[in-house]
Structures are given as structure tokens and as C-alpha cells.
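Novice: Quick one, what's the 3D model for this:
(one chain, ligands or ions: 1)
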Amino acid sequence: MTDLMEKIVSLAKRRGFVYPACEIYGGFANSYSYGPYGTELRNNIKQLWWRTFVHHREDIVGLDGPILLHPKLWEASGHTTGFNDALVDCKACQKRFRADHLVEEATGQDLEGKLDEMSTALTKIKCPNCGKIDWTQAREFNMMFKTEMNNVSDEEIAEVYLRPETAGAIFVEYKNVLDSMRVKIPFGIAQIGKAFRNEIVAGNFIFRLREFEQMEIEYFISPDTKWEPLFDEWLTKQEEFVLALGADKKDLRHYEHPDDKRSHYSQKTVDIEYKFPFGFKELFGLAHRGDFDLTAHSKASGEKLEYFDQENNKRYVPHVLEPTFGVERSLLVALVAAYHEEEVKGETRVVMKFPKAIAPIQVAILPLSKKEELSSVARGIFDDLKTSLICEYDETQSIGKRYRRQDEIGTPYCVTVDFDSLEDKAVTVRDRDSMEQERVKIEELDGYLVGRYK
Ligand code: ATP
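Specialist: Coordinates of the predicted model:
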């Protein structure tokens, strides 16, 4: 792990952002729990996304579908047969790897989907674990998690899958949305929710997980539309969202899938890659999926999934642009971009410079001492502010230590109540980034702080 990643992982645990899950049982399969500040940060990221793409747009509506969906959906979408990873085992040390990843790392070749070529390439590649060259043939494994459902009677057990992506739930409700809402093409359906993939090598902290959350939009367009400008517009919107997480534009780049790597139905697929401390990796994706999904579900279900264009008196199956975003990868970008170390009076100050819109705590209220006369004023301020801002009250430890703690949590403003406050009815507001302090009247505090979050 890189030095920077080590620092971020350690801060994330120490400060209640991300914990390795089930640590008391020795940890579990690269899964993580989000601590109190991590939960706030996640929620803020999801809210920012929902506000940006649903509330602030007239052409996109929201949906919340189930995780367990009809198994026929995954047959129609091709996931039951085609959602595979190529795996290979080292016969010497029994470790299992993604064959395509091993080949790509060793040779730079992208052989995804080409099992024989991968097996040939592997005859020259050493096992990263034991150094020997003794591989099984590369084989395909389905990445969907299976579970069972007693759906009809005790004897009848149906095999179902935990959804490997949220998009499927959107396509099966396309008709319901069309019938119940006043949507007109072009329009989108947005959803945030959990997805599950049996990734063989999870890793890089929260970058690749088996249980994660996606934020996806299916944006339905007419097959006659010139889609290229819309595609570019979506790429820009996705990039703007990454910038709103605090990322720098120079750390973003596009990777356009070449013809032989792109799904047969897609006219264009682009990954938005971010420069994580472990290198440029896919953060979000954007795909033109044509009418593949609606046509496949229409054939499999027998339901017409068309759109009637009243103005032109025309029926058609819409095409779709699919911008997809990962919650955990967004959270990792927010952590990486926010992490700063600064020299202050000979000491290193670690400060998480989250954009205000996603900071887990917006204002910390810190009475200089636990004495009743100060804490009663400070609690009054907390009660006044808590309905408009996310606040934290903390009266433990020295004020210096409390500032350092809030810097590491990334709290943009600290409000300090001192003994002078009893006389001048004012408090000190400390700015996280400049560390400048300003005296503000208590009666003006609400307006002062709320104004800074507008
Ligand atoms: P990768 O190439 O990294 O495996 P993918 O191309 O399979 O990703 P998509 O199927 O396009 O990913 O999924 C959409 C988004 O969901 C990704 O851009 C990413 O943000 C997120 N995502 C996908 N797989 C994972 C995972 N295992 N853990 C965390 N987030 C994920």
C-alpha cells in the first residue's frame, strides 16, 4: 500500500470514517463498516448526487427498486451467462487470481474475455505470491451472489441473485414510470442502491468491494436523436460531480473502450478514471447501450416496452445513455482529495479539506471549559444551530487537541465559547482552512454560519 493510502486508511479508522468490518472475528472478506463520520460523509455524497441529478432537473425522476429481483431479469440481461471473471489458480501455492489482471500487469495487454490467449500468456508469468509458474487453465466464474428463496411452498426453493448492479431494477420499472408519471423523452430514471459482486480479488481499501453502492441513471432518448452531444454533456456532468467531491481536474482522465472491448450493443463506452494513490483507475462509467436492455426485457417478458411520441405519431423502443457512479469510489476520492498535511509552528497539521457540501460535521461547538456558565451558553448555541446545520458538541480535552481533532474530521467551522463570551455575548469562529479566527455576536451566529453553507 502506498504511504498516502496507509495514512488515509489509518485516519479513516482512528477518526471514525471507515472500519474494517468484523475485526473482533479477525476481519471479513475485505468488507468495511462506515463509522459515524463516514456515514455522514456517505449520506452527504448521496444527497449531493440526488439533489444534482434528480431535484435540480426536470427531466429525471427517482426510483428505489429491490435487491432481490426476478431471476428471469438476469437471464434476459445476459448476466447469468456473461457476467464472468476469468480466474486462475497457482497450483504451487493454491492462491487464486484474476487472470486478465495478471496478464495486464505483466504485459500491458488487455485480454479480457480471451481465455486461451490468457492461458498462453500466463506460461511466462510468475505467481505474485510464490514466484513459481504453475497455473491452472484460466476459467470463467460468474460474479453474481446466489441465494435461495422459499417462494411458493416449503419444497420449492427458487435460486435468486443479489443484484450485481442497480440498472436492472430501473429497466423493469420503465413501463410503470412511463404510465404513472408525466415523463417525455428525453428523460431519465435515477437510483441509488446496493449491488453485490463476487469479486475474487477485492482490495485497495474501499475501491473494490463485494458489497457496494451505485448511483445510476438510465437516460432514455429517441433513436433518431443525435446522441453524441448528449453523451459529451453527460461526461461533463459526471466530471463536475467529481470536482464537487473536492477532486482536481488534473487527476481525471477518460478511457474510451476500443471496439473489441466494448459490449456489442454499445456505440460508445467511456470510463472516467481518477488518479488514486495506487494509480489511474475507473471511478465512474458512461455507456451508450442502444435499445439492448428494453428490447431484451421486452422479448423475455412479452411486454411491449415502447414509447409513443405523440408529436410525431411514432412508436419506438428508446435508446439509453447510462451514466454510472460508485458511492465508495466517490467516498475514496473525497478522502484522498481532502487529505492535507501542513507545517504549522513546527508541527504537522493533518486537515481534511472536504468541500463544505459534503463535510460530515458542519460546525463544532467547543466551550473552553466544562464549567456550567460556559456549557449552558454553548448548549444554547448548539440547540439554536442544530436544526439548520449538522453540529457537534465537544467539551473534552484542551482546545488545541479539539481543534486538531476537528481538522482531521474536516469540520469547516469551530465555534469557541470562552469566558469573554459571558461579557461580550460573542464567540470565536475558527475557519478550518485559513485557521483565521473571527469574533461573532451570538445573535448573529446563525445567519453568519448558515450563510456560509448556502
Ligand atoms: P471495474 O472495471 O473496476 O471492475 P466495472 O467496469 O465492472 O468496474 P461497472 O459495472 O461499470 O464497473 O459499475 C459501475 C460503477 O460501480 C463503477 O464505475 C464503480 O464506481 C462501481 N463499482 C463497480 N464494481 C465495484 C466494486 N467491486 N466495488 C466498488 N465499486 C464498484
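Novice: Next one: residue 439, what pLDDT does it get?
Specialist: What the model reports for residue 439 is a pLDDT of 97.
Novice: excluding its backbone neighbours, what's nearest it?
Specialist: Sequence neighbours aside, residue 426 is the residue nearest to residue 439 in space, at 5.0 Å (criterion: C-beta to C-beta, 6 or more residues apart in numbering). (C-beta placed from N, C-alpha, C; glycine too.)
Novice: bridging residues for the one you found?
Specialist: Counting by DSSP bridges, residue 426 is bridged to residue 441.
Novice: That one: neighbouring residues, count only.
Specialist: For residue 426, the tally of surrounding residues (other C-beta atoms under 10 Å) stands at 18.
Novice: next one: residue 326
Specialist: In terms of burial, residue 326 registers 23 neighbours under the definition other C-beta under 10 Å.
Novice: and the gap between it and the ligand?
Specialist: When C-beta to the nearest ligand atom, to the nearest Å is applied, the distance between residue 326 and the ligand equals 2 Å.
Novice: looking at it, the residue nearest to residue 439 is touching residue 437, isn't it?
Specialist: No. At 11.6 Å, residue 426 does not count as touching residue 437 under the criterion of C-beta atoms under 8 Å.
Novice: Residue 274: what secondary structure?
Specialist: Classification of residue 274 into helix, strand or coil gives strand, according to DSSP: H, G, I helix; E, B strand; the rest coil.
Novice: For the stretch 101-250 of the chain, which residues are neighbours of the ligand?
Specialist: Residues of the stretch 101-250 of the chain found near the ligand (C-beta under 6 Å from any ligand atom) are 165, 197, 199, 208-209, 212, 214.
Novice: if we go to 5 Å?
Specialist: Within the stretch 101-250 of the chain, the positions lying close to the ligand (C-beta under 5 Å from any ligand atom) are 199, 208-209, 212, 214.
Novice: Looking at the residues you listed, which is nearest residue 51?
Specialist: Minimum separation from residue 51 among these (C-beta to C-beta) is found for residue 214, which lies at 17.5 Å.
Novice: So what's the residue count around that closest one?
Specialist: Counted with other C-beta under 10 Å, the neighbours of residue 214 add up to 21.
Novice: That one pairs with what?
Specialist: On DSSP bridges, the residues paired with residue 214 through beta bridges are residue 193, residue 326.
Novice: does it really touch residue 322, like I thought?
Specialist: No. Distance between residue 214 and residue 322: 10.8 Å, which falls outside the contact criterion (C-beta under 8 Å).
Novice: Leaving out the residues flanking it, which one is nearest to the most centrally placed residue in the chain?
Specialist: Of all residues in the chain, the one closest to the mean position by C-alpha atoms, centre = their mean is residue 327, 1.3 Å from it. The spatially closest residue to residue 327, leaving aside those adjacent along the chain, is residue 213, at 3.8 Å (C-beta to C-beta, 6+ apart).
Novice: now do residue 317
Specialist: The shortest distance from residue 317 to any residue other than its chain neighbours is 4.3 Å, reached at residue 291 (C-beta to C-beta, 6+ apart).
Novice: Correct me if wrong: the one you found contacts residue 222.
Specialist: No. Under the criterion of C-beta under 8 Å, residue 291 makes no contact with residue 222, lying 10.7 Å away.
Novice: between the two, what contacts are shared?
Specialist: Here residue 291 and residue 222 share the contacting residues 318-319, scored by C-beta atoms under 8 Å, 6 or more residues apart in numbering.
Novice: which stretches of the stretch 1-150 of the chain have low pLDDT?
Specialist: Judged by pLDDT under 70, the stretch 1-150 of the chain has no weakly predicted residues.
Novice: Please enumerate the strands of it.
Specialist: Taking DSSP state E, counting those that start in this stretch to define them, one finds strands in the stretch 1-150 of the chain at 18-20, 32-34, 60-63, 84-89, 96-98, 139-142, 145-149.
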